[in-house]
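**Student:** what follows is a protein structure lacking sequence information:
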């Protein structure tokens with residue numbers, strides 16, 4: 001699909017630092033792929049009966065550092 005959009009140039013330049021791509025088109029495709037993948041990923045708390053997590057469990061306390 002062809003479309004014209006105005007992008008935040010500062011954000012695009014920073015994204016190029018993290019992505020191994022050569023063009024804005026590749027960068028946008030990568031960003032869309034990652035966005036969709038992240039939103040498809042299920043939260044463990046949304047899987048009732050498969051994993052039991054205590055309501056008061058604080059995962060941040062178990063981190064080292």
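**Tutor:** That came through, no problem. From a predicted model like this one, the values you see are computed outputs, not experimental measurements.

**Student:** ok, longest helix in this protein?
**Tutor:** As assigned by DSSP state H, the longest helix anywhere in the chain is helix 24-40.

**Student:** could you list the buried residues of that helix?
**Tutor:** Of the residues in helix 24-40, those with enough neighbours to count as buried (16 or more other Cβ atoms under 10 Å) are 27-28. All C-beta spots, glycine's among them, are computed from the backbone N, C-alpha and C.

**Student:** hmm, who's touching that helix?
**Tutor:** Contacts of helix 24-40 from elsewhere in the structure, counted by Cβ atoms under 8 Å, 6 or more residues apart in numbering, are 7, 12, 15-16, 19, 21.

**Student:** and that helix, how far out from the chain's middle?
**Tutor:** 8 Å (Cα atoms, centre = their mean, to the nearest Å).

**Student:** residue ranges with poor pLDDT in the chain?
**Tutor:** Counting by pLDDT under 70, the chain contains low-confidence residues at 44-45, 50-51, 65.

**Student:** got the contact list for residue 19?
**Tutor:** Shown here is residue 19, whose contacts under the criterion Cβ under 8 Å, 6+ apart are 26-27, 30.

**Student:** now it: phi and psi?
**Tutor:** According to degrees, to the nearest 10, the main-chain angles of residue 19 amount to phi -110, psi 140.

**Student:** before we move on, the earlier item: and the contacts of helix 24-40, which are buried?
**Tutor:** With neighbours counted using 16+ other Cβ under 10 Å, those contain these buried positions: residue 15.

**Student:** among the contacts of helix 24-40, which lie within helices?
**Tutor:** Secondary structure from DSSP H places 12, 15-16 of the contacts of helix 24-40 in helices.

**Student:** with distance to residue 59 added, can I get those in JSON lines?
**Tutor:** Formatted as JSON lines, these follow (distance: Cβ to Cβ, whole Å):
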{"residue": "12", "distance to residue 59": "34"}
{"residue": "15", "distance to residue 59": "29"}
{"residue": "16", "distance to residue 59": "33"}
